[in-house]
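Undergrad: the following block contains a protein sequence and its predicted model.
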Amino acid sequence: MPLPIALFSLIGLAISPADGRVLLVDASGRGDFVDVQSAVQVADRDDLIYVVDHPEVGGRYDGFVVSGKGVTIVGRTGGLWSIGPSSIEQLPLGESVTLIGLGLGAPAARPEAELPEV
C-alpha cells in the first residue's frame, strides 16, 4: 500500500509528488515493493518512487527499465548504494524521467557473488 504523503514528509523527503502516490521500494519487504522495476511498472506519471538503502541488500538494487512513461525515482539521502544498469525507452514527447540520489551503472552484485582477490 503506498505511503500517505503526510507520513512521507515525516521521513525528510523534500520532494513530493504533485497529485500522485509515493511508492516505497525496500528490499526488506517493509515497503510497497522489494525492487525498483516492480515500482516502475505500476507507477503513474505523477507518482514518486522512493528507494530505501536497506542493509539487507548491501546498498545495491538490480537495474530497471522505464518504458513509455515519465517517472521520478529518488534514493534516500546519505545512502551508500547503487542501482545496476538501467535504461529509458520510448519516452513520450513532453514526459521526463527524473533520477535523484541514485548511483547507476555497476551491476547490483550480491555479497556472496563477489570475486576473490587474485
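TA: Ah, there it is.
Undergrad: give me the neighbour count for the nearest residue to residue 34 once chain neighbours are set aside.
TA: Closest residue in space to residue 34, ignoring its immediate chain neighbours: residue 27 at 5.3 Å, by CB to CB, 6 or more residues apart in numbering. C-betas here are computed from N, CA, C, even on glycine. For residue 27, the count of nearby residues is 22 (other CB atoms under 10 Å).
Undergrad: tell me if residue 27 really is in a strand.
TA: No. The assignment for residue 27, made by DSSP: H, G, I helix; E, B strand; the rest coil, is coil rather than a strand.
Undergrad: which residues of this protein score low on pLDDT?
TA: By pLDDT under 70, the low-scoring segments of the chain are 1-18, 54-59, 77-81, 104-118.
Undergrad: how many other residues sit next to the nearest residue to residue 75 once chain neighbours are set aside?
TA: Nearest residue to residue 75, sequence neighbours excluded (CB to CB, 6+ apart): residue 101, at 3.5 Å. By the criterion of other CB under 10 Å, residue 101 has 16 neighbours.
Undergrad: how about the strands in the protein?
TA: Secondary structure of the chain (DSSP state E): strands at 22-25, 48-51, 60-61, 65-67, 71-75, 82-83, 87-89, 97-100.
Undergrad: residues near the closest residue to residue 66 other than its chain neighbours, how many?
TA: Distances taken as CB to CB, 6+ apart place residue 88 nearest to residue 66, at 4.8 Å, with adjacent residues excluded. Residue 88 is flanked by 17 other residues according to other CB under 10 Å.
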